[in-house]
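Asks: Coordinates only, no sequence provided:
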């Protein structure tokens, strides 16, 4: 039974990797190619890591899987957005294919910096957690060594001290967000896989402008990461309270805006500030049985 | 399981060859960066397959390292493309 699951995960990961490579060769421009490649990076590696963890049993291995998934979620989409954004605005990029383009003619937004002071012990805790997960042991000795390492790093590297996330975590809502995102990834992986093997003339590429309800850097980052993590959509730019998303295959602008609204609602409920939650509830009351399910 | 891992490695090998085609053809810096990134992740996937094949779990932390290197590389290249735009 276990072997069968490992086999399915391995084959799934390898096939996704192949599909991504085929898309990388066949798709017409850099952004559509990024849509294809993102699959291998996220879903493929997650599947194969899950297979590896399942095949080799041992204490603490699940922590490593969680760490890999977390790092993929935190780093992959940021890289995708950075590269997509720079390639989109670069006049040297050839042959970008877009149907409807809400971002056409707009200059790139200057990056905004978070000037709040960083927290040294947040970095220490984060470094310690990664250290323990990497070694896969939860002995007191290892935890103590990890804590010492974390504190040393935090004191030596003031520039890398992370800012506290703004907002309050609601664990149940966070789980619902994770499940929602997981399901979206399964559905859109299937759609991108189909697009890879269909004629590329059938693609309906678009850059869609969506109004943002999230305000704080934490919420915006989580929303952009969720969007770029999902195959088929890349968050390109935040400008004047609006989010611009590059979509590989657009069904309809309204349906897509609804999807983003749903995702946004999940994120506000899970990680938002109390103020944002209140606004969300008021929004729902004004629009009862609202389109965002 | 041996045959399965062999097939998976073969599929990853073909993917890497196809990705190399895009890496060589470009045409832009962005295309090449996406290809390199994909190659790294295919390497990470191959490592995962090797873990299943050999049962050697010590390779898994390498996955974490590859994921982080891929991120740093892409971020730096994106920055380079962007500062080039604003000259």
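Replies: Great, that's in hand. All figures in this text were calculated on a predicted structure; none of them were measured in a lab. Numbers count the residues shown, from 1 in each chain, chains lettered A, B, ... in the order given.

Asks: Is chain A within reach of the worst-scoring helix or strand of chain B on mean pLDDT?
Replies: Lowest mean confidence among the helices and strands of chain B (mean pLDDT, DSSP states H and E): helix B:60-85, at a mean of 81. Yes - part of helix B:60-85 sits near chain A under the criterion CB under 8 Å from any CB of the partner chain, namely B:60-61, B:63-64, B:67-68, B:70-71, B:74-75, B:77-79, B:81-82, B:84-85. Yep, even glycine has a C-beta here, placed from its N, CA and C like the rest.

Asks: What subset of these is buried?
Replies: B:60-61, B:63-64, B:67, B:70-71, B:74, B:77-78, B:81-82, B:85 (16 or more other CB atoms under 10 Å in any protein chain shown).

Asks: Would you reformat the residues you listed as JSON lines and include distance to residue A:242?
Replies: JSON lines is the format used below for those (distance: CB to CB, whole Å):
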{"residue": "B:60", "distance to residue A:242": "41"}
{"residue": "B:61", "distance to residue A:242": "41"}
{"residue": "B:63", "distance to residue A:242": "37"}
{"residue": "B:64", "distance to residue A:242": "35"}
{"residue": "B:67", "distance to residue A:242": "31"}
{"residue": "B:70", "distance to residue A:242": "29"}
{"residue": "B:71", "distance to residue A:242": "26"}
{"residue": "B:74", "distance to residue A:242": "25"}
{"residue": "B:77", "distance to residue A:242": "27"}
{"residue": "B:78", "distance to residue A:242": "21"}
{"residue": "B:81", "distance to residue A:242": "23"}
{"residue": "B:82", "distance to residue A:242": "20"}
{"residue": "B:85", "distance to residue A:242": "21"}
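
Asks: who's in contact with stretch A:232-242?
Replies: Contacting residues not belonging to stretch A:232-242 are listed as A:31, A:34-35, A:38, A:77, A:80-81, A:84-85, A:88, A:103, A:106, A:108-109, A:188, A:191-192, A:195, A:207, A:209-212, A:220, A:223-225, A:227-228, A:243-249 [CB atoms under 8 Å, 6 or more residues apart in numbering or on different chains].

Asks: Quick check: buried residues in it?
Replies: Counting neighbours by 16+ other CB under 10 Å, stretch A:232-242 gives A:232-238 as buried.

Asks: Which helix or strand contains residue A:209?
Replies: For residue A:209, the host element (DSSP states H and E) is strand A:206-211.

Asks: what's next to that strand, contact-wise?
Replies: A:88, A:98-104, A:236, A:241-247, A:250, A:253, A:256-257, A:260-261.

Asks: Among those residues, which ones are in helices?
Replies: Residues of the contacts of strand A:206-211 located in helices (DSSP state H): A:88, A:253, A:256-257, A:260-261.

Asks: Kindly provide the distance from the spatially most central residue of chain B to chain A.
Replies: Nearest to the mean C-alpha position of chain B, counting by CA atoms, centre = their mean, stands residue B:40 at 1.8 Å. Distance of residue B:40 to chain A, given as CB to the nearest CB, to the nearest Å: 9 Å.

Asks: Low-confidence ranges, the stretch 151-293 of chain A, go.
Replies: Where the stretch 151-293 of chain A drops to pLDDT under 70, the residues are A:286-293.

Asks: And chain B, by the same measure?
Replies: Residues of chain B meeting the criterion pLDDT under 70: B:84-87.

Asks: just to revisit the earlier point, touching, the residue nearest to the centre of chain B and residue B:70? I think so.
Replies: Yes - taking contacts as CB atoms under 8 Å, residue B:40 lies within contact range of residue B:70: 4.6 Å.

Asks: if we can go back for a sec, out of the buried ones among the residues of helix B:60-85 next to chain A, flag the one nearest to residue B:17.
Replies: residue B:70 (19.4 Å; CB to CB).

Asks: which ones are touching the closest one?
Replies: The contact partners of residue B:70, by CB under 8 Å, 6+ apart, come to A:41, A:75-76, A:79, B:37, B:40-41.

Asks: quick one, what contacts residue B:25?
Replies: With CB under 8 Å, 6+ apart, residue B:25 has these contacts: residue B:31.

Asks: mind checking how far it is from residue A:23?
Replies: Relative to residue A:23, residue B:25 is positioned 14 Å away (CB to CB, to the nearest Å).
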